[in-house]
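>>> Turn this into a model:
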Amino acid sequence: MSNTLVLAGFGRGSGPNNGFINVSLVPVADRAKSQAQLINQTLGTPEVRIGIDRAKAADLGVRAGDVTHALNTMAAGQIVSSFSERSNQYDVVVRAQERFRRDRSGLTKFTVASSNGSPVPLDRAVKLEEGLRPSSISRLNRLRQVTVSAGPAA
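Numbering: from 1, shown residues only. A predicted model of the protein is given here:
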């Protein structure tokens with residue numbers, strides 16, 4: 001027999017942080033792994049976060065906005081022009097090839113202009129942080145949802 005505890009209304013106000021918490025608890029005797037290992041296992045997908053190192057960028061003469069624009073163009077693409085063929089109009093999008101976006105070493109291949117006009121490799125103006133992001137986020141009526149389950153002690 002197991003019980004489910006649903007926590008609702010966490011967060012501030014009525015925004016997207018209000019919702020439900022779903023957590024499954026396993027009796028200690030039934031666990032093959034520690035609780036920390038279970039939590040880390042469910043967090044899921046590894047990611048690399050890119051942040052602007054403002055001190056380094058300033059030392060190199062690079063504006064934070066230019067770094068942001070370069071990273072956005074590299075990852076998401078930027079419409080730079082359009083052309084028409086017959087009655088159709090097509091956007092011309094500049095974006096890094098998939099192989100450069102998939103690996104952090106691709107940052108060394110892209111540059112951003114400094115205040116004196118010389119190119120600076122992007123990897124010198126940013127800092128990389130490895131982390132985990134959720135594999136998926138459960139939602140109920142567009143709000144985040146988490147379930148807490150527990151069973152009686154043996």
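>>> For the top helix by length along the chain, name the packing helices and strands.
Longest helix in the chain, counting residues (DSSP state H): helix 64-75. For helix 64-75, the packing partners by 3 or more CB pairs under 8 Å, 6 or more residues apart in numbering; DSSP states H and E come out as strand 45-52, helix 54-60, helix 98-102, strand 111-113. C-betas here are computed from N, CA, C, even on glycine.
>>> Format the CA atom coordinates belonging to the helix or strand that it is followed by as PDB.
Later in the chain than helix 64-75, the nearest helix or strand by DSSP states H and E is strand 78-85. Extracted in PDB, the C-alpha atoms of strand 78-85 (Å, rounded to 0.1, in the frame of the first residue of the first chain):
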ATOM      1  CA  GLN A  78      19.700  35.300 -37.900                       C
ATOM      2  CA  ILE A  79      17.700  36.400 -41.000                       C
ATOM      3  CA  VAL A  80      20.000  38.500 -43.000                       C
ATOM      4  CA  SER A  81      18.200  38.900 -46.300                       C
ATOM      5  CA  SER A  82      15.400  37.500 -48.400                       C
ATOM      6  CA  PHE A  83      14.900  36.600 -52.000                       C
ATOM      7  CA  SER A  84      12.000  36.000 -54.300                       C
ATOM      8  CA  GLU A  85      11.600  33.200 -56.800                       C
END
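>>> Let's test this: mean pLDDT of stretch 89-99, rounded?
Mean per-residue pLDDT for stretch 89-99: 91.
>>> which residues sit against that stretch?
With contacts defined as CB atoms under 8 Å, 6 or more residues apart in numbering, stretch 89-99 is touched by 73-84, 106, 110.
>>> still on that earlier bit, okay if I get the helices and strands packed on helix 64-75 as TSV plus distance to Gly131 and mean neighbour count?
Output for the helices and strands packed on helix 64-75, formatted as TSV (distance: least, CB to CB, whole Å; neighbours: other CB atoms under 10 Å):
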stretch	distance to Gly131	mean neighbour count
strand 45-52	6	12
helix 54-60	20	14
helix 98-102	17	12
strand 111-113	24	17
